[in-house]
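# Got a predicted structure plus its sequence, pasted below:
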Amino acid sequence: MNASGDPVVLLTDRAWPDDSVERGIAEAAGYTFVTGPATPPTAEAVERAVAAGRPSAILTCWAPVSATAIEASPGLRVVARLGVGLDNIAVEAATARGVLVTNVPDYCVEEVSDHAVAMVLAWTRGLALLDRQVRAGHWRPGDARLKRLSTLTCGIIGFGRIGQATARKLAVFGCQLLAHTPHPPADTGPVKTCDLQALLALSDVVILHAPLTEATRHLINRDRLAAMKAGALLVNVSRGGLVDTAAVVEALRAGHLGAAALDVLENEPQVPVDLISSGNVVLTPHVAFSSDASLVELRRRAAEEVVRVLRGESPRNPCNRPGGRE
């Protein structure tokens, strides 16, 4: 709280130009709003900001909110993620302290699934590679090595909201669809579920829609890349840590992995030179979630969750149960 006793809401970072949406909602509720830098600060910088501001609520996009940060504000009641994944928040520490953690789990389902499908189409039709060639002065249509999507098998790892949306959209193109998920829905439609090894061996395209946890870190490693069908495409629109980048570079160099389309990287925003220099890699800067509509929805809903909690109401998207609360 500030000197007058009003709750303080801290926005650690953001992936958009201003804080107008979040600030407007917090200040309309009577709270003091403090903004950090747009670029994600370090864990230590967040810890210092929390210790100095003593916020009752933290809104965070990509900045790490550590256990130390959570301990630094005695009156902290909620950490709200401006996004879906929680890998940048010390959720266990928050739970132990009685601090709620929330997210916005479904704001970008259409955008991320669109991005995944776009990456598949860019590969089958050679859009990125052919664009580079034409811009370099090469007009050689006879050299194109393109694919018919309806003849391919696409495997989706992770079959939650976004994975199911991707499958729905790819099904329109007539391709075969596989999915690997620990919790398959009752009705998978045209999608056949299978174990991970079978999916890797059978798929011409492997799409990652899984969360990043300790169990899924480097889910795609050297062994699993070797298990993939030769010449396949790897698409990652989830979290960079799902993929062992060095192993992907090796598999591309060896020619076993046909191509990679990556919206996320392990150490973003640093991009390995080997990926930049590869003609078989499409890279986008962690924007699969983004659109004019999704950003407004994300910012509004995350800020509204903070207001609910500070007013003593239950959040709509709780991600933990501090003190066993429902």
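Sure, I can see it.

# Find the nearest non-adjacent residue to Arg148, please.
Thr124 (7.4 Å; C-beta to C-beta, 6 or more residues apart in numbering). Where you see a C-beta, it was placed from the backbone N, CA and C, and this is true even at glycine.

# Contacts only, for His183.
For His183, the contact set (C-beta atoms under 8 Å, 6 or more residues apart in numbering) is empty.

# For it, give me the pLDDT.
If you check His183, the pLDDT there is 89.

# how much space is there between the residue nearest to Arg148 and Gly258?
11 Å (C-beta to C-beta, to the nearest Å).

# can you map out the helices along this protein?
20-28, 43-53, 67-71, 91-97, 109-124, 127-135, 161-171, 196-202, 222-227, 245-254, 273-277, 292-310 (DSSP state H).

# Now for the residue nearest to Gln176 when sequence neighbours are not counted, how many residues are close by?
Residue nearest to Gln176 in three dimensions, not counting chain neighbours: Thr153, with 4.2 Å by C-beta to C-beta, 6+ apart. Thr153: 17 surrounding residues under other C-beta atoms under 10 Å.

# ok, now the one 3 residues further on?
For Ile156, the neighbour count with other C-beta under 10 Å is 29.

# ditto for Pro185
Pro185: 14 neighbours (other C-beta under 10 Å).

# could you dump the helices of the chain to CSV with mean pLDDT, distance to Arg81 and mean neighbour count?
Compiled in CSV, the helices of the chain are given as follows (pLDDT from 0 to 100; distance: least, C-beta to C-beta, whole Å; neighbours: other C-beta atoms under 10 Å):
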stretch, mean pLDDT, distance to Arg81, mean neighbour count
helix 20-28, 98, 13, 17
helix 43-53, 97, 13, 18
helix 67-71, 98, 13, 21
helix 91-97, 97, 10, 18
helix 109-124, 98, 15, 22
helix 127-135, 95, 31, 14
helix 161-171, 97, 16, 22
helix 196-202, 98, 27, 17
helix 222-227, 98, 28, 16
helix 245-254, 97, 24, 18
helix 273-277, 96, 27, 12
helix 292-310, 98, 7, 20
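
# Now tabulate the ones you listed in TSV and tack on distance to Pro185.
Output for those, formatted as TSV (distance: least, C-beta to C-beta, whole Å):
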stretch	distance to Pro185
helix 20-28	33
helix 43-53	36
helix 67-71	34
helix 91-97	25
helix 109-124	14
helix 127-135	32
helix 161-171	7
helix 196-202	17
helix 222-227	24
helix 245-254	30
helix 273-277	34
helix 292-310	23
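
# Nearest to Asn320 among these would be which one?
The closest of the helices of the chain to Asn320 is helix 91-97. By C-beta to C-beta, the value is 4.5 Å.

# from the middle of its chain, how far away would the closest one be?
Put simply, helix 91-97 sits 22 Å off its chain's centre (C-alpha atoms, centre = their mean, to the nearest Å).

# distance of the nearest residue to Ala165 once chain neighbours are set aside from Arg48?
Spatially, and ignoring its direct neighbours in sequence, Ala165 is nearest to Ser113 (3.8 Å; C-beta to C-beta, 6+ apart). Noted for Ser113: a distance of 38 Å to Arg48, by C-beta to C-beta.

# can you check Asp187 too?
Taking C-beta to C-beta, one finds Asp187 at 50 Å from Arg48.

# Quick one: residues contacting the nearest residue to Ala29 once chain neighbours are set aside.
In space, Ala29 comes closest to Val307 once its chain neighbours are excluded; the distance is 4.6 Å by C-beta to C-beta, 6+ apart. When contacts are counted by C-beta under 8 Å, 6+ apart, Val307 touches 25-26, 29, 31.

# hmm, try it at 10 Å
Residues in contact with Val307, defined by C-beta atoms under 10 Å, 6 or more residues apart in numbering, are 7, 9, 25-26, 28-31, 57, 78, 80, 313, 315.

# cool, Ser150 as well?
Per C-beta under 10 Å, 6+ apart, neighbours of Ser150: 124, 172-176.

# how about these in a markdown table, adding distance to Val237?
Formatted as a markdown table, the contacts of Ser150 follow (distance: C-beta to C-beta, whole Å):
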| residue | distance to Val237 |
| --- | --- |
| Thr124 | 17 |
| Val172 | 19 |
| Phe173 | 18 |
| Gly174 | 22 |
| Cys175 | 18 |
| Gln176 | 20 |
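
# Just the ones in strands from the residues you listed, please.
Counting by DSSP state E, these place Gln176 in strands.

# so which of the contacts of Ser150 comes closest to Asn236?
Thr124 (17.4 Å).

# distance of the closest one from Ala201?
20 Å.

# Val243 too?
18 Å.

# likewise Thr95?
Thr95 is 39 Å from Ala201, by C-beta to C-beta.
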